[in-house]
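A.B. asks: Based on what follows, work out the 3D shape:
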Amino acid sequence: MTVQSPTFPVPNAFELLCAQYVKRLPAQLEDLAGPAHGTVDLPLHVVWSGRRSYGLEQPRSRMGLYRTVLAEGQRQDLIDFLNRDLLIAQWPVLRTLISRPIRDVWEAAFPELTAASAATAA
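C.D. replies: You can find the predicted model right below:
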């Protein structure tokens, strides 16, 4: 018995992850209307174990919140829990803490994030 390989291209894991993250993107960064201050408690569908409450006043806590929501949140979670100005301000560091598929998708969709990183590096 011989096994034939498929004649159609098979997407790799990176491409599949990118496709998942693209579907979750907000239409524009201005849609990110999450809080800029206070405490955020994430729902179980975003964080099913571990830490669920994040203080936005503490940089490490805020970074943890953004990493979690970017990786696990659906479109409405991104809109509800992320704040446009905070995302842009912390993107130069945040981009080094998230997976490459997330970073590539967000930077391709929103060039202002790349500009924020370039301005910080200059």
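A.B. asks: I'd like the distance between Val46 and Arg100.
C.D. replies: Spatial separation of Val46 from Arg100 under the definition Cβ to Cβ, to the nearest Å is 21 Å. Every C-beta, even on glycine, is put in place using the N, C-alpha and C of the backbone.
A.B. asks: and the two? which has more neighbours close in?
C.D. replies: Neighbours per residue (other Cβ atoms under 10 Å) separate Val46 from Arg100, with Val46 holding more: 17 against 11.
A.B. asks: pretty sure the more buried one is touching Leu70, no?
C.D. replies: No - because the distance of 10.5 Å does not satisfy Cβ atoms under 8 Å, Val46 is recorded as not touching Leu70.
A.B. asks: check contacts around Arg24.
C.D. replies: 73-75, 78 (Cβ atoms under 8 Å, 6 or more residues apart in numbering).
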